[in-house]
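S.K.: sequence first, then the predicted structure, then my questions.
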Amino acid sequence: MTEHAHSHGHGHSHSHGVSPDADRRWLRAALVLLTAYMAVEVVIGVVAQSLALISDAAHMLTDAVSIVLALIAMRLSARPARGGYTYGLKRAEILSAQANGITLLLLSVWLAYEAVQRLISPPDVTGGLVLITALSGIVVNLICTWLLSKANRSSLNVEGAYQHILTDLFGFVATAVSGLVVLLTGFAQADAIATLVVVALMLRAGTGLVRESGRIFMEAAPAGIDPDALGDHLVAEDQVVEIHDLHIWLITSGHPALSAHILVAPGGDCHKVRRNLQELLSGEYGITHATLQVDHVGEQGDADEVLTLGPRPAPGTAPEPAADHCENAHGPVHRPGPHRH
């Protein structure tokens, strides 16, 4: 009788976590430039009494923090898995991304309140100073955007920092327009309106980061992968009778993982089925970390039960449906042909 190692087929690459190709030099260069300009902008914003400039500086602060956290997360995630952390510290980047998103949301609430107050009682704003500072900010943000575009953006942190600087660039454009309006027309409320534009951009960026990091923490399936469709695809493979306990999640950004219990027709080649399924997952779904428990139908009996293998199905004959051996399956059960999910 052929001996089968049914319990676990595990195929994956070991490049989990933030990619080592992410070039820290580009992030450090952007961080230095952002920090230096942010300090100058705060001083000018106070002198010019421009909330738009101060809000831009606050946004730049979150950009700088996101880069710092990304650098820290890269170092932590590079540590090998040991002890109780069997995945290592791969999700350090997700923690920092979520903290960065929450900070953005809190700052946007405060700036929105201040902007509304200034719409009601606008202070005197030095339009020329605001315009010059905003134009220089556009240049700085263009350089920082280029620097981060050179880094590996597969990390949620790096991509988040990139998007923050990009939205900060749009914010500086709005601030420059408000400075020009104040300079030409004296309409002081333009500064507060520009602040609200920056707030809207911060809300968008913060919400996106919190949502994406939350999906990873809640073990949701990666965006773009429908678990039901994937399960139906797998169960349609030759000799597969049933798939249940199918779980798909992200270890960290860009690194999906999957586990499932596969039932193979009596007499079927479970090793070949496992290899075929892992190749399918890797080639069509990009899932290289897949743990598959493969059993023949009828092998799930009591400990003292003698297990027997039936004959292989005749060529062109569909395998018989599996019995409900797992009454409490953790998720939908997939079988050949139409079925409910």
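M.R.: Perfect, I can see it now. Quick caveat: nothing in here was measured; it's all calculated off a predicted structure.
S.K.: can you show me the strands along the stretch 201-341 of the chain?
M.R.: 240-252, 255-264, 289-296 (DSSP state E, counting those that start in this stretch).
S.K.: between those, which one is closest to residue 220.
M.R.: In terms of C-beta to C-beta, the element of the strands of the stretch 201-341 of the chain nearest to residue 220 is strand 240-252, at 7.0 Å. C-betas here are computed from N, CA, C, even on glycine.
S.K.: that closest one - contacts with which helices or strands?
M.R.: helix 189-217, helix 227-235, strand 255-264 (3 or more C-beta pairs under 8 Å, 6 or more residues apart in numbering; DSSP states H and E).
S.K.: okay, the angle between that strand and helix 189-217?
M.R.: 140 degrees (axes from the mean of the first three to the mean of the last three C-alpha atoms, to 10 degrees).
S.K.: now strand 240-252 and strand 255-264, what's the angle there?
M.R.: Inter-element angle recorded for strand 240-252 and strand 255-264: 160 degrees (by the same axes, to 10 degrees).
S.K.: what's the angle from strand 240-252 to helix 227-235?
M.R.: With the same axes, to 10 degrees defining the directions, strand 240-252 sits at 130 degrees from helix 227-235.
S.K.: rewinding a little: among the strands of the stretch 201-341 of the chain, show me which one is buried the most.
M.R.: Using mean count of other C-beta atoms under 10 Å, the stretch among the strands of the stretch 201-341 of the chain with the greatest mean number of neighbours is strand 255-264 (a mean of 23).
S.K.: chain center to that one, what's the gap?
M.R.: Relative to the chain's own centre, strand 255-264 is displaced by 21 Å; criterion: C-alpha atoms, centre = their mean, to the nearest Å.
S.K.: shaky segments in this protein?
M.R.: Across the chain, the ranges flagged by pLDDT under 70 are 1-23, 59, 152-154, 157, 298-332, 337-341.
S.K.: mind putting the strands of the stretch 201-341 of the chain in CSV, distance to residue 60 included?
M.R.: Formatted as CSV, these follow (distance: least, C-beta to C-beta, whole Å):
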stretch, distance to residue 60
strand 240-252, 27
strand 255-264, 30
strand 289-296, 37
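S.K.: what's the closest of those to residue 334?
M.R.: Closest among the strands of the stretch 201-341 of the chain, once you apply C-beta to C-beta, is strand 240-252, at 4.3 Å.
S.K.: give me the angle between that closest one and strand 289-296.
M.R.: If you take the same axes, to 10 degrees, strand 240-252 sits at 160 degrees to strand 289-296.
S.K.: how far out from the middle of the chain is strand 240-252?
M.R.: On C-alpha atoms, centre = their mean, the centre of strand 240-252 falls 19 Å from that of its chain.
S.K.: same check on stretch 127-136?
M.R.: With C-alpha atoms, centre = their mean as the basis, the mean position of stretch 127-136 lies at 36 Å from the chain mean.
S.K.: check stretch 132-149 too.
M.R.: 25 Å.
S.K.: distance of the closest residue to residue 156 other than its chain neighbours from residue 92?
M.R.: Excluding the flanking residues, the one nearest residue 156 by C-beta to C-beta, 6 or more residues apart in numbering is residue 253, at 3.8 Å. Distance from residue 253 to residue 92, counting by C-beta to C-beta, to the nearest Å: 11 Å.
S.K.: cool, and residue 80?
M.R.: 14 Å.
S.K.: what packs against the host helix or strand of residue 117?
M.R.: Counting by DSSP states H and E, the element that carries residue 117 is helix 92-120. Judged by 3+ C-beta pairs under 8 Å, 6+ apart, the packing partners of helix 92-120 are helix 51-77, helix 156-185, helix 189-217.
S.K.: list the buried ones in it?
M.R.: 92-101, 103-104, 107-108, 111-112, 114-115, 118 (16 or more other C-beta atoms under 10 Å).
S.K.: compute the inter-axis angle for it and helix 156-185.
M.R.: Going by the same axes, to 10 degrees, helix 92-120 makes 20 degrees with helix 156-185.
S.K.: which SSE is immediately downstream of helix 92-120?
M.R.: Using DSSP H and E, the helix or strand that directly follows helix 92-120 along the chain is helix 127-149.
S.K.: CA atoms only: put that next one into CSV for me.
M.R.: Listed in CSV are the C-alpha atoms of helix 127-149, where the atom choice follows Å, rounded to 0.1, in the frame of the first residue of the first chain:
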residue,chain,number,x,y,z
GLY,A,127,-0.9,86.5,1.5
GLY,A,128,2.5,87.1,-0.1
LEU,A,129,4.3,85.2,2.6
VAL,A,130,1.8,82.3,2.4
LEU,A,131,2.2,82.2,-1.4
ILE,A,132,6.0,82.1,-1.4
THR,A,133,6.1,79.5,1.3
ALA,A,134,3.5,77.3,-0.4
LEU,A,135,5.3,77.4,-3.7
SER,A,136,8.6,76.3,-2.0
GLY,A,137,6.6,73.6,-0.3
ILE,A,138,5.4,72.3,-3.6
VAL,A,139,9.0,72.0,-4.7
VAL,A,140,10.0,70.2,-1.5
ASN,A,141,7.1,67.7,-1.8
LEU,A,142,7.8,67.0,-5.4
ILE,A,143,11.4,66.0,-4.5
CYS,A,144,10.1,63.9,-1.5
THR,A,145,7.5,62.2,-3.8
TRP,A,146,10.3,61.3,-6.2
LEU,A,147,12.5,60.0,-3.4
LEU,A,148,9.8,57.7,-2.1
SER,A,149,8.8,56.6,-5.6
